[in-house]
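1. only geometry, no sequence info:
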């Protein structure tokens, strides 16, 4: 009987289990049906055999029920059915690393312990009924698109130990009640849109081992002192979330802490000495804040420290000697502070130092000898200090070295043997020192170097021949040896540098011919051989360099004719052949038609129609030889007689003219003019005054042929004879009409300078008493002093914007002057095109010349020196040489200076003969300094020394001031809104407000005729992480999204094109731009082209943006969310449009309503108000920083370098990294009984 009962029970149980397994089978089949691309990851899921369910991939059964479902990294698409909650015996669920979209809700899983839905595209909220999941210990929703308040239901999860909601769009404040989750060991809320104060109640989580709250959250206040109670904390990560105030001394109680990341905030005050109690600390990063004071002595106790980052602060004092004695130190980055004294002598003796960056301080003394004692050093950056003495010989055998930057110091002595031939070295910069001696050959021929990509030895005292070993650098792209004393010939082996992009050998004593092998450097974009003693002819092989856009051969002894083949080089936009011995007829076709006469000045035997030296074909074609002596005599006598006749006639006419008008004046034209003296006199009226300076008055006038000119009437003081330089005088594009004997003179101005500020002057002269770094204050210039966008019809100036070059590769210039190359993405921004008809109208400031001796720095005796101004505040005009210079006064278009510049000193004795002493061009035009008095020389396509003239910069060693004293804006690597939001920086004047750059004008946007009615149109919300990127979008008319976002928008554009073709009506795609956390929208742009997935713009704040597409901006104004909150999106859980994620599509009806709101709303502010602010931020090193969080790998762009720190297991807490990899939690959490088939849950870090 008992046996019968037992068998019956087992039968019933078996039937029950079988039925339950069939139920689980049906649920899994339903799940699979919701997946868009289930194969091949689910190939074993056989829907015809329920009994096989426990053998399916990712499925684990126990007692006839499914207890674990692991679909990690199967690249699945689609949605997750709510039926998943019917798997009521589940203990482990992992859907991580797929592409699931839509909402997800998991309920009634009372046995569930681990949930991992990370790295997907889930949206909506997480307001689940957590009370039915009381056993849940791990909840990982990292890196999705959840948009809601932080869920409060998780407070019922009493056993919860691991909570990761990082990398989403959660908004609102962190609930203080989260402090009741006392069992938590891991908490990550980073990478969201949270705001408010960090609640001190989180200090109650005494079991917490790791906390992540930074990145994209915008908190108020500082770090709670209660965090000092987190005694079990091992990892604290709070970077880039706008924390302010001091670093709490209470953090010194966290004795177990091994990682403290507080970088990229607004923390101030001194570093608390209590942090010296953190004896287990391995990684310390307090960089990019506003910390002051000195490095605490108590840090001597941090014996385990490996990473020590304090860069971009305001620290001072000396670097303590004990820092060199930290036994495990691997990375020391203290750059951009005010440290003084010597570098600790023992630095590097621990044998583990890998990265050392102490640049941009005020350090003195010599470089320690043991930096590379164990061949571990990879990065050594000491530029911009006051270091002297020789380069340690030990660095010549530092075979681990990859990046070396010692420029802009006072190092002397010779370069160690083998130094530039180190096998791993890819960047070597020693420019602007006083190094001497010769460059040694590579004696170790067996180890041929292949990695060196950039070598900069310019502006030193190096001498001797160029080593033949240079040809071994097969990967070399930039070779800069200018400003030295190299002699001898250019070796023919230079042609072996097939990858070189930029070759500058100027200002040396090189002799002999230009080797024809140089034509094998097919990738050259810049070739500068000027100011040497080169002789012979120009090899025709140069024309084989098809992408060359800058060629300077001036001030040599080159002779014979200029090869006609150079005219076929379509990419050549800047060329200088001046002051050589060229002869014969100058070709006039091809590119030669773009160059002006100054490019060929100083070649008396050269003739051509536009050189004012017509060719005498009889003379030219005669065979060279001595003419008969009698012919020479007759010819000489004839010239003498003619000269006497003309001289007599000129004297008689001059006396007659002076007698008729005692106060008349003389116009001397140095080019062909299409107007008369009378026409000019009509302009010299009080009503035409557009500027006044210490040297004279500037008038605007219009000639009978329609040409508008500027006329400068010099003051009646005697004109210094220095202005009468030969062969002609040009001052910043002004043709000087010089008077005689103190009579008034006039300057007539053409539209665009064809040369530099002293176009045909000789010698080298002082420039400005302005530190080079102050050039960054002005939107006119790149960091090298060059204008960022101009094109003249003579080709002497070339238009460049980031990511665009008219023909091939161009250059961008880093903050220290280091040039880096990019390739043209093939996209031409805005209507600004290569050529002469559609470029921004530009001219030099009318009052460009100031009287220094009288205390006038030009520009109408203003307090500030604003540099040259754009002649026309609005519109794009022709760049014809005689084009319109604009009818507006240049005064109205001056940029508002960000701070006063130093008073300019009188020019030194070595000033150019072309300008008299006491006069010099005004404005930030200084390019670089020789003799170690200025920054790195720029030799790019827009170079003011194209005819060999050099401007010296002074005060090179002055510290870089902040652009704005309010560090809230200046130190932030990411802004949701510029200074207009808080009025911390006064808005510019109305007159100044209009001058936003060469491609952006206010009247281009917010047009009253903007169309708001469409039958067919598509609308999308664009969510930017910062306003810097929107500024770049307006500036360059491009945008880029995430890979998925780009695909979505590209598909929409293609569909719109098809719809337009089918209906015959336009179907535009409008993008509504907003910045996460800003509380407002900032404008509308229209997508006007497909996505180019193969090319990237390299100027975005985030590295996540791939590809790009062109846009056209229509509306730019600040519209608060309150104006749009009533617009509800059915396809986004009926949430307001203000809660949209990036590339959220908007319906036609709602989109048209938004167009009308954007058009009609009367906004008081817009991004254009802060446009120049963002222009300046582009030049600040830390404002260029990529937003790659340091918790995975921090890369801060400083002077072209990237400082990196990595901790094993670190992740990136934002949604741009789709990390398809997860690891088991068992290692760090005491969670037993869970042994999944695969690594389904991420390891906490």
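-> Thanks, I have the structure now. None of the values given here were measured: they were computed from a predicted structure.
2. what's the pLDDT at residue 261?
-> You'll see residue 261 listed with a pLDDT of 96.
3. same question for residue 181.
-> 92.
4. what's the burial count for it?
-> 20 (other CB atoms under 10 Å). From N, CA and C alone the C-beta is placed, and that goes for glycine too.
5. same question for the one 5 residues further on.
-> Residues within reach of residue 186, counting by other CB under 10 Å, total 25.
6. I figured it was touching residue 209, is that so?
-> Yes - with contact defined as CB atoms under 8 Å, residue 186 counts as touching residue 209 (6.5 Å).
7. strand partners (parallel or antiparallel) of the biggest strand by length in the chain?
-> Using DSSP state E to define each element, the chain has its longest strand at strand 1109-1120. Next to strand 1109-1120 in the sheet, as set by DSSP bridges, lie strand 1038-1039 (antiparallel), strand 1080-1087 (antiparallel).
8. name the helices or strands packed onto the helix or strand following that strand?
-> Sequence-wise, the next helix or strand downstream of strand 1109-1120 (DSSP states H and E) is strand 1128-1129. Contacts defined by 3 or more CB pairs under 8 Å, 6 or more residues apart in numbering; DSSP states H and E place strand 1128-1129 against strand 1135-1136.
9. model confidence over the strand it packs on, on average?
-> 86.
10. what of stretch 601-617?
-> 82.
11. for it, buried residues please.
-> 601-603, 606-608, 610-611, 613, 615 (16 or more other CB atoms under 10 Å).
12. out of those residues, who's nearest residue 688?
-> Within the buried residues of stretch 601-617, the smallest distance to residue 688 is 31.0 Å, found for residue 610 (CB to CB).
13. what's the domain layout of this protein?
-> Structural domains annotated on the chain: 477-618, 633-664, 979-1184, as defined by automatic domain parsing.
14. wait, which of those is closest to residue 343?
-> domain 979-1184 (21.4 Å).
15. which stretch among the domains of the chain comes nearest residue 237?
-> Per CB to CB, nearest to residue 237 of these: domain 979-1184, 18.2 Å.
16. now the helices: where do they sit in this protein?
-> In the chain, the segments counted as helices under DSSP state H are 2-33, 617-621, 629-660, 677-681, 967-970, 990-993, 1027-1036, 1043-1063, 1148-1160, 1171-1177, 1190-1193.
17. average pLDDT for the third one, rounded please.
-> Throughout helix 629-660, pLDDT has a mean value of 66.
18. before we move on, what about the fourth one?
-> With pLDDT averaged residue by residue, helix 677-681 scores 74.
19. and it, what's buried?
-> 679-680.
20. so which elements touch it?
-> Checking 3+ CB pairs under 8 Å, 6+ apart, helix 677-681 ends up next to no helix or strand.
21. switch to numbering from 28
-> Sure, I'll start numbering at 28, so the last one becomes helix 704-708.
22. give the contact list for the residue nearest to residue 176 when sequence neighbours are not counted.
-> Excluding its sequence neighbours, the residue lying closest to residue 176 (CB to CB, 6 or more residues apart in numbering) is residue 199, at 4.4 Å. Applying CB atoms under 8 Å, 6 or more residues apart in numbering to residue 199 gives the contacts 176-177, 221-223.
23. who does residue 199 bridge with?
-> residue 221.
24. measure it to residue 222 for me?
-> According to CB to CB, to the nearest Å, residue 199 stands 7 Å off from residue 222.
25. can I get the strands paired with strand 1136-1147 in TSV with mean neighbour count and distance to residue 705?
-> Formatted as TSV, those follow (neighbours: other CB atoms under 10 Å; distance: least, CB to CB, whole Å):
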stretch	mean neighbour count	distance to residue 705
strand 1065-1066	26	50
strand 1107-1114	23	51
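26. can you say which of those strands is nearest to residue 115?
-> strand 1107-1114 (45.3 Å).
27. contact partners for the residue nearest to residue 1101 when sequence neighbours are not counted?
-> Spatial nearest neighbour of residue 1101, chain neighbours left out: residue 1108 (4.6 Å); criterion: CB to CB, 6+ apart. Going by CB under 8 Å, 6+ apart, residue 1108 touches 1099-1101, 1145-1146, 1148, 1151, 1185.
28. next one, pLDDT for residue 1108 please.
-> 94.
29. how about the one 5 residues further on?
-> Reading off the per-residue confidence, residue 1113 sits at a pLDDT of 95.
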